[in-house]
Each structure stands twice: as C-alpha cells, then as structure tokens.
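Trainee: Using only what follows, build the 3D model:
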Amino acid sequence: MSVLTDIEFGKFKDLIYKASGIHFTESNRTILESRIREKLRKSSFENVNEFYDLINRDEGELKLFLDSITTNLTRFFRNNAHYSAFEHHVIPDLIEYKRKTGNKVIRCWSAGCSTGEEPYTNAMVLKEFLPPDFKIEVVASDLSLKSLMTAQEGFYSDLKVKGIPPEYLAKYFIKATGGYKVKDEIKKLIAFDYHNLKFDSGKRNLDIVFCRNVLIYFDEAAQKNVIDRFWDAMSNHSYLFIGHSESLFGMKTSFEFIRTEWACLYGKNL
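Mentor: Here you go, the predicted model:
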C-alpha cells in the first residue's frame with residue numbers, strides 16, 4: 001500500500017525540489033515513499049503530515065531527510081574511460097597551460113562526492129601525473145553529511161578497494177583490520193565540505209570539475225542552474241566531467257563538447 005496520497009506526495013516533492021533541486025516523479029516515487037516509511041518506523045509520528053510539518057519548519061531535520069533520500073553509489077576509479085581521458089588528455093593539457101601562465105596550482109572539485117572514493121581517486125591520479133613542483137587542491141562536497149563523515153575518515157573495506165590498481169593501493173593506502181586507510185599524504189590534499197548544488201558554492205578558478213551521476217536527479221531547469229554555477233566556478237581554461245549517461249545536449253550553455261580518444265567531456269574556453 002502507498003505511504004503517501006497523491007496530495008501528500010506533491011507536498012513532499014515540492015518541498016524537496018525547493019530545498020535541493022532534486023526532482024521526484026511517479027517513476028521514482030517508490031524511492032521517496034520507502035525513505036519516508038523508514039523514517040516513520042523509527043519515530044513516534046502519528047502520520048506523514050506530522051513528519052512533513054517537522055521538516056518544513058526545522059532546517060536541521062530537513063537536511064537529515066535530504067541525506068536519507070540521496071543514493072550514494074560510487075567506487076574508486078569509476079568509469080575507466082574517464083580516468084584515461086583525465087590522465088592522457090586533461091592533465092597534460094593543464095600542465096602545459098599552467099606552465100605558460102606561471103600558475104602551478106591545480107584545483108579540482110568533486111561535486112556529489114558521496115563516501116569519498118572519487119575525490120581520493122582524483123587526488124591520487126593528480127599526485128601520480130603532475131610534476132612535483134605543482135600544487136594540488138581537491139575539494140569534495142555532498143548533500144549527505146553521513147557520506148561526508150565516511151569520506152573524511154578515509155577507511156574502506158577490502159571489498160571497497162577492489163577497483164584500485166595494485167600499485168596505487170600499495171603506494172597510497174595502509175592495510176588495517178578489515179580494510180585499508182588512505183595515507184595522510186593524500187588526505188591532506190582534500191577538503192571535504194557540505195554543499196547543496198542548488199546554491200552557489202562560492203568556489204572560483206577551478207581547473208577540473210567532476211559531477212557524475214548527479215544531474216540525473218534534477219529536472220531541466222535545475223540542471224541548467226547547476227551547470228551555470230559550474231561555469232561561474234571554473235577558470236578560463238578548465239574541464240568538466242559528467243556521468244556517461246548524462247549530457248548537455250540541447251542545453252543553452254557555453255561549455256564546449258570534447259571528444260577524446262578515451263571519453264567525452266566538456267571544456268570552458270579551451
């Protein structure tokens with residue numbers, strides 16, 4: 001039996017969209033209802049309207065609820081084609097450009113970083129392929145505070161590290177009971193931060209943005225707002241990675257479509 005009436009579903013859907021830009025439709029209604037069912041099971045609420053009233057008036061409770069409805073599927077070196085393009089196209093081009101400008105800092109943002117596998121991967125790859133005189137700054141953000149806490153800890157089970165090439169695992173991780181810990185030399189390159197993509201991050205002059213499998217949760221208007229904010233945040237010679245099932249096709253944007261030998265991505269003023 002459905003947890004929500006159509007009217008209740010509309011109220012929750014509108015509140016979520018207003019707060020985060022995440023768009024629920026009939027096709028993913030069951031996901032929202034299952035999260036609400038779980039919340040009610042663990043609480044003393046008499047009905048869904050009491051829960052709605054709480055998250056509508058309490059920003060902290062709303063954040064916790066938004067945390068619960070996000071899907072945090074990720075892994076190290078997710079989408080090998082992207083990382084081949086990163087290593088063989090993006091990094092060499094940025095090295096050449098940065099040497100010309102005399103600015104040897106590479107700034108990378110992992111937007112929607114989940115439990116941290118992506119930003120740690122990005123930091124390791126940059127560490128591996130950038131010259132030693134370059135500085136690396138990686139910022140990682142997510143809507144889920146729970147995921148960010150896992151990311152900041154930097155501990156991953158034996159199962160979670162299976163996608164990491166052996167040479168990276170040996171070089172950048174320490175074996176621990178039940179899994180591996182990211183070494184401090186990589187952890188210190190990353191700043192984890194709570195951020196809702198509905199709003200301006202305040203970040204500027206970013207050279208690389210990874211925002212993969214996040215836009216699929218937004219409708220067209222919210223997607224356009226996110227992409228416009230990325231444009232504002234990025235430097236005048238920069239790269240954007242989105243999910244392999246996502247596209248800017250048909251969107252009015254100044255980003256340039258780039259087809260490399262390995263994968264497709266987007267660029268700003270290249």
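Trainee: following the helix or strand that Leu40 is a member of, which helix or strand comes up?
Mentor: Assigned by DSSP states H and E, Leu40 belongs to helix 29-41. Sequence-wise, the next helix or strand downstream of helix 29-41 (DSSP H and E) is helix 48-57.
Trainee: That next one relative to helix 29-41, how many degrees between them?
Mentor: 90 degrees (axes from the mean of the first three to the mean of the last three C-alpha atoms, to 10 degrees).
Trainee: show me the residues around the spatially most central residue of the chain that make contact.
Mentor: In the chain, the centroid-proximal residue (C-alpha atoms, centre = their mean) is Gly112; its distance is 1.7 Å. By C-beta atoms under 8 Å, 6 or more residues apart in numbering, the contact set of Gly112 is 141-143, 197, 211-214. C-beta here means a position set from N, CA and C on the backbone, and glycine is covered the same way.
Trainee: Now pLDDT and neighbour count too, for those residues, in CSV please.
Mentor: Listed next are the contacts of Gly112 as CSV, based on pLDDT from 0 to 100; neighbours: other C-beta atoms under 10 Å:
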residue, pLDDT, neighbour count
Ser141, 97, 22
Asp142, 95, 27
Leu143, 92, 25
Leu197, 95, 25
Cys211, 97, 22
Arg212, 96, 21
Asn213, 91, 18
Val214, 91, 23
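Trainee: Which one of those is nearest to Glu8?
Mentor: Set against Glu8, the nearest of the contacts of Gly112 by C-beta to C-beta is Leu143 (22.7 Å).
Trainee: Contacts only, for the closest one.
Mentor: 20, 66-67, 70, 112, 194-197.
Trainee: So among those, which ones count as buried?
Mentor: Using 16 or more other C-beta atoms under 10 Å as the burial test, these include 20, 66-67, 70, 112, 195, 197 as buried.
Trainee: okay, who's weakest in those residues by pLDDT?
Mentor: In terms of pLDDT, the lowest of the buried ones among the contacts of Leu143 is Thr70, showing 78.
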